[in-house]
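Participant: Mind folding the following:
(2 chains)
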Amino acid sequence: MVAFVIRRLFGMAIVLIAVSFIVYIIFFKIPGGDPAQRIAGRTATHANIVAIHDRLGLDRPFYVQWYKMIEQLVTGNLISYTDQLSVSDQIWQGMPVTFSLSIGAAVIWLFFGIMVGVMSAVTAGRLSDRAITVFALIGISIPVFWLGIMLRYFLAEQRSLFPDGGYVPLTTNPAQWVYHLILPWFTLAVLSIGFYGRVLRSNILDSINEDFVRTARAKGLTPRRVMGRHILRNSLIPIVTLFGLDFAAVLGGGAILTETVYDLHGIGFYAKTAISNLDLPPLMGVTLFGALFIVMFSTIVDVVYAWLDPRIRLQ
Amino acid sequence: MATTETGAEFTLDTAAELAAEEGGRGIEGKSPWALAWRRLRRNWVGLAFLVVFILIVIACLMAPVYSAHVSGMAPNETNLGGTITIDGKQVEVVSSGGVTTGSNGEIQVKPGGVPIGPQWWHAGGQYVLGADSLGRDIATRILYGGANSLQVGVVSAVICAFFSIVFALMAGYYGGIPDWIISRGFDLIWAFPVILLGIALGTALAVNGFHHFGINLSGSSLWIPTFVISIVYIPYLARPLRGQILSLRQSEFVDAAISQGASPFRVMFSELLPNIASTVLVLFTLIVASTILTEAALSFLGAGVQAPNPSWGTLIAAGENTIQTAPWLGIAPGIAIALTVLSLNIFGDALRDALDPRAKVRIEH
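Facilitator: Now for the predicted structure:
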């Protein structure tokens, strides 16, 4: 097990280096022209561009340029030339908002996703299953940002049932924190509830005919125990992977649409502001940050798997 | 039934004889595609939504016709000071605002810049879904925007499917080092959240376009979001295909083809490809649903389809700004996206039930 974890950590380090190379290629190589000019933004002066050239080593070989980019990001010296603020500081400041949004939404989508999946699998083919399937399909077909705009308009602006966007820190007022985040949580969760529900339903229906389920029934277990202990346990395994990666994506700034719609000034919102200014340094930071989370969580998922199922370690 | 009426024992051809007695027809062989079509035909919900999708596509393709003969307005044609006739009365398209004194002496303040709402058919085809704050016809813009959204969505799915199939075939056929390299490439794309990778590429390219390998695209070209979205989704399509090819690679028919001297190209494209065609078809339908949603999200954020081209995503972004005064501007394009994606998802499901490959696609936020 220790050897497995070390192997995975080593693999993670290599993937992270490769991922940062991709970020370098996306922002420095693909667009063509002088990267310093783009990074300097719209208000670039000649002196600015020369300074960026020097700091990012743009006349040196590509690996020096790549190293300088990472160095600048990690030390907080990479600044956005639109507002002169350090990219890593801004990401750091957005983290509490993004984490509050992501963790709450993840709890909701996991809970309701499992509930929806089990309910429709148990009543497979009946009216309630069909109704759930229809709602799940609608849930995965609605654009997240449109759902957010509509919920905000009808529930927060037309009727003042919920606050009209914004964020209150948990440490300031926990009740207001929840109150401000209810709509964003549900907006972010709807797609995953529908998707997890559908995946889980088909997994449960697959394993319901397995031998071990028949054995469990034959030895006289209650249907509830057969479902909870035997079927669900087995069917949840693919959900673990899905959840690990989806959760990592929203933690790393992937909830950009929800944050934009509800004016939550998290990491995604920071990226959105950068897009409208065509401001590249924040996007470099946020993209790398998001990938960091996914790579980290997929390593965690692998280790959890190996711990749950010793056969995987031998592969 | 142990024996037939003629009293004969079961023979190898008993089934055929029995069938021949009933209605005088022999047993017909049916291809898997014919069987799938028979199953699909019975699923009327799935087919109904295929029809819905086709109708949406036709409507969007007919956008120029609608613009010329129904609304009489080009998609970017503004009408700020204009009026239209509704039931014999002249109504301003965008209210000019001002203060009026009512009949009882009460002073009424009319806000300016509020566009006219949905007129349905009262204005003779004009402003069916209302106007935006510049007096442009929303229905016309939704149709033109839909044509762009559908084009980006479908074309990027086609490009994505092409590369996925080629990479998956190469990885699955050759195995070993080529497989390792291709799979690690997928892992790298997979390591980015879809939306962030799309934004990074979309914005980096929107600054001054793409100028490499003899290809010159301007920053506002529709091809940029198309390529960006197709790259982002390659692993989602290629991974399940690679897995399937890896197991097909072990089967006897592939060994037989190779021992008969078939070239790798031939084995890949005329032996392996037909066997994954049903999976490709199902995944393709679902990927189109995802690419349309992703296009809308990227355009909404400003990293997808760029002005002056309308798309459903940019229309929603514009609608969000005026949601207080003109909510229909944001509502209408969202319904268009949801209906399109829903019809593709339902049809994709029906297709999977009919073809029954155990395929799963991960959809992102």
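
Participant: quick one: is the longest helix that chain A contains near chain B?
Facilitator: When chain A is scanned for its longest helix (criterion: DSSP state H), the result is helix A:87-122. No - figure legend: helix A:87-122 not in contact with chain B (C-beta under 8 Å from any C-beta of the partner chain); closest approach 9.6 Å. For glycine as for every other residue, the C-beta is placed from the backbone atoms N, C-alpha and C.

Participant: Quick check: which helices or strands does the helix or strand that that helix is followed by pack against?
Facilitator: Per DSSP states H and E, the first helix or strand lying C-terminal to helix A:87-122 is helix A:127-141. Under the contact definition 3 or more C-beta pairs under 8 Å, 6 or more residues apart in numbering or on different chains; DSSP states H and E, helix A:127-141 sits against helix A:87-122, helix A:174-207, helix B:328-355.

Participant: contacts for helix A:127-141?
Facilitator: Helix A:127-141 is contacted from outside by A:116, A:119-121, A:123, A:190-191, A:193-195, A:197-198, A:201, B:289, B:293, B:338, B:341-342, B:345-346, B:349, B:363, using C-beta atoms under 8 Å, 6 or more residues apart in numbering or on different chains.

Participant: can we see that at 6 Å?
Facilitator: A:116, A:120, A:123, A:190-191, A:194-195, A:197-198, B:338, B:341-342, B:345 (C-beta atoms under 6 Å, 6 or more residues apart in numbering or on different chains).

Participant: I'd guessed B:A168 sits against B:P240; true?
Facilitator: No - look at B:A168 against B:P240 with C-beta atoms under 6 Å: they stay out of range, at 8.4 Å.

Participant: Between the two, tell me which one has more neighbours.
Facilitator: Using other C-beta atoms under 10 Å in any protein chain shown as the criterion, B:A168 and B:P240 rank with B:A168 on top: 29 against 23.

Participant: Disregarding residues adjacent in the polypeptide, which is nearest to the more buried one?
Facilitator: Leaving out its chain neighbours, the residue that sits closest to B:A168 by C-beta to C-beta, 6 or more residues apart in numbering or on different chains is B:L241, at 3.7 Å.

Participant: Redo the contacts of helix A:127-141 as JSON lines? Include distance to B:L222 and neighbour count.
Facilitator: As requested, the contacts of helix A:127-141 are exported to JSON lines (distance: C-beta to C-beta, whole Å; neighbours: other C-beta atoms under 10 Å in any protein chain shown):
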{"residue": "A:V116", "distance to B:L222": "37", "neighbour count": "23"}
{"residue": "A:S120", "distance to B:L222": "39", "neighbour count": "26"}
{"residue": "A:T123", "distance to B:L222": "45", "neighbour count": "14"}
{"residue": "A:V190", "distance to B:L222": "29", "neighbour count": "24"}
{"residue": "A:L191", "distance to B:L222": "26", "neighbour count": "23"}
{"residue": "A:G194", "distance to B:L222": "30", "neighbour count": "26"}
{"residue": "A:F195", "distance to B:L222": "29", "neighbour count": "23"}
{"residue": "A:G197", "distance to B:L222": "35", "neighbour count": "27"}
{"residue": "A:R198", "distance to B:L222": "32", "neighbour count": "24"}
{"residue": "B:A338", "distance to B:L222": "22", "neighbour count": "19"}
{"residue": "B:V341", "distance to B:L222": "19", "neighbour count": "25"}
{"residue": "B:L342", "distance to B:L222": "24", "neighbour count": "21"}
{"residue": "B:N345", "distance to B:L222": "24", "neighbour count": "24"}
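
Participant: Out of these, which comes closest to B:P235?
Facilitator: Of all those, the one with the least separation from B:P235 (C-beta to C-beta) is A:F195, at 17.4 Å.

Participant: Give me the distance between that closest one and A:V303.
Facilitator: Using C-beta to C-beta, to the nearest Å, one obtains 24 Å as the distance from A:F195 to A:V303.

Participant: Likewise for A:V168?
Facilitator: From A:V168 across to A:V303, the span is 36 Å (C-beta to C-beta).

Participant: what's around residue 206, how many residues?
Facilitator: In the absence of a named chain, chain A is used. A:D206: 14 surrounding residues under other C-beta under 10 Å.

Participant: nope, chain B
Facilitator: Neighbour count of B:A206, defined by other C-beta under 10 Å: 23.

Participant: for the helix or strand where it lies, packing partners?
Facilitator: Here B:A206, judged by DSSP H and E, is contained in helix B:194-208. Contacts defined by 3 or more C-beta pairs under 6 Å, 6 or more residues apart in numbering or on different chains; DSSP states H and E place helix B:194-208 against helix A:280-308, helix B:223-248.

Participant: So which residue is smack in the middle of chain B?
Facilitator: Central residue check for chain B by C-alpha atoms, centre = their mean: the C-alpha nearest the mean position is that of B:V288, 3.5 Å away.

Participant: Phi, psi for that residue please.
Facilitator: Torsion angles at B:V288 (phi, psi; degrees, to the nearest 10) stand at phi -60, psi -40.

Participant: Next one, pLDDT for it please.
Facilitator: pLDDT for B:V288: 91.

Participant: In contact with it, which residues are there?
Facilitator: Counting by C-beta under 6 Å, 6+ apart, B:V288 touches B:G153, B:V154, B:A157, B:L344.

Participant: and with 10 Å instead?
Facilitator: Taking C-beta atoms under 10 Å, 6 or more residues apart in numbering or on different chains as the contact definition, B:V288 lies against B:53, B:150, B:153-154, B:156-158, B:160-161, B:233, B:340-341, B:344-345, B:347-348.

Participant: Which ones, among those residues, also lie beside chain A?
Facilitator: Of the residues in the contacts of B:V288, proximity to chain A by C-beta under 10 Å from any C-beta of the partner chain holds for B:T340, B:V341, B:L344, B:N345.

Participant: Which of the residues you listed sits closest to chain A?
Facilitator: B:V341 (4.1 Å; C-beta to the nearest C-beta).

Participant: roughly how far apart are that closest one and A:Q93?
Facilitator: B:V341 sits 35 Å away from A:Q93, going by C-beta to C-beta.

Participant: Kindly report the same for A:S20.
Facilitator: Plainly put, A:S20 is 22 Å away from A:Q93 if you go by C-beta to C-beta.

Participant: Name the residue in those two with the higher neighbour count.
Facilitator: The residue with more neighbours, out of A:S20 and A:Q93, is A:S20; 20 against 15, by other C-beta under 10 Å.

Participant: if I've got this straight, that one is in a strand?
Facilitator: No - A:S20 is assigned helix when assessed by DSSP: H, G, I helix; E, B strand; the rest coil, not a strand.

Participant: which residues touch it?
Facilitator: A:W66, A:Y67, A:M69, A:I70, A:L73, A:M284, A:T287, A:L288, A:A291, A:L292.

Participant: Please repeat the previous calculation with a cut-off of 7 Å.
Facilitator: Neighbour list for A:S20: A:I70, A:L288 [criterion: C-beta atoms under 7 Å, 6 or more residues apart in numbering or on different chains].

Participant: Could you do B:A63 as well?
Facilitator: Here B:A63 is in contact with B:L143, B:Y144, B:A147 (criterion: C-beta under 7 Å, 6+ apart).

Participant: Can you mark which positions in the helix or strand where B:S149 lies are buried?
Facilitator: Taking DSSP H and E as the definition, B:S149 sits inside helix B:138-174. For helix B:138-174, burial by neighbour count (16 or more other C-beta atoms under 10 Å in any protein chain shown) applies to B:138-161, B:163-165, B:167-173.

Participant: so what's residue 302 closest to, chain neighbours aside?
Facilitator: You didn't say which chain, so I picked chain A. A:R8 (5.5 Å).

Participant: look at chain B instead
Facilitator: Excluding its sequence neighbours, the residue lying closest to B:G302 (C-beta to C-beta, 6+ apart) is A:I275, at 4.8 Å.

Participant: Which residues outside the helix or strand encompassing the one you found are in contact with it?
Facilitator: Assigned by DSSP H and E, A:I275 belongs to helix A:267-276. Contact with helix A:267-276 is made by A:90-91, A:94-95, A:98, A:253, A:255-256, A:259-260, A:282-283, A:286, A:289, B:199, B:203, B:301-303, as judged by C-beta under 7 Å, 6+ apart.
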